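K.L.:
Below are the sequence and a predicted model; questions follow.
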Amino acid sequence: MSGDNAKVTPLRPKRRCPECGRAADRVHFPFCSDRCKSVDLNRWLSGRYVIPGPAVSSDQGHDAED
């Protein structure tokens, strides 16, 4: 080989954790830890994150029972 100290480039760049900004861990991807993964899940379950869409009125939410 031409150089034993040749730098190995990773297959893809390191991703950052969306919660804290640290480097993401392969086990918890896309998060860096179980804690950050749990924080994100809690935000979804508590309704702090929402997916925008048209408003649903109360009569549209249920099918009419005949």
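P.N.:
Everything's here; your move. Numbering: from 1, shown residues only.

K.L.:
wait, what's in contact with the residue positioned nearest the centre of the chain?
P.N.:
Centroid-nearest residue in the chain: Pro30, 5.6 Å away (criterion: C-alpha atoms, centre = their mean). For Pro30, the contacting residues are Arg15, Cys17, Pro18, Ala24, by C-beta atoms under 8 Å, 6 or more residues apart in numbering. The way it works is simple: take the backbone N, C-alpha and C, and place the C-beta from them, glycine included.

K.L.:
Tell me the secondary structure at it.
P.N.:
Under the three-state scheme (DSSP: H, G, I helix; E, B strand; the rest coil), the conformation of Pro30 reads as coil.

K.L.:
For it, give me the backbone phi and psi.
P.N.:
Main-chain torsions, Pro30, degrees, to the nearest 10: phi -90, psi 10.

K.L.:
Ala23 too?
P.N.:
phi -60, psi 130.

K.L.:
Distance check, it against Ser57.
P.N.:
45 Å (C-beta to C-beta, to the nearest Å).

K.L.:
ok, the closest residue in space to Ala24 that isn't next to it in sequence - how many residues close by?
P.N.:
Using C-beta to C-beta, 6 or more residues apart in numbering and skipping the chain neighbours, the partner closest in space to Ala24 is Arg15 (4.4 Å). By other C-beta atoms under 10 Å, 13 other residues sit near Arg15.

K.L.:
for Pro54, same thing?
P.N.:
Residues near Pro54, counting by other C-beta under 10 Å: 6.

K.L.:
Gly47 versus that one, what's the distance?
P.N.:
Pro54 sits 18 Å away from Gly47, going by C-beta to C-beta.
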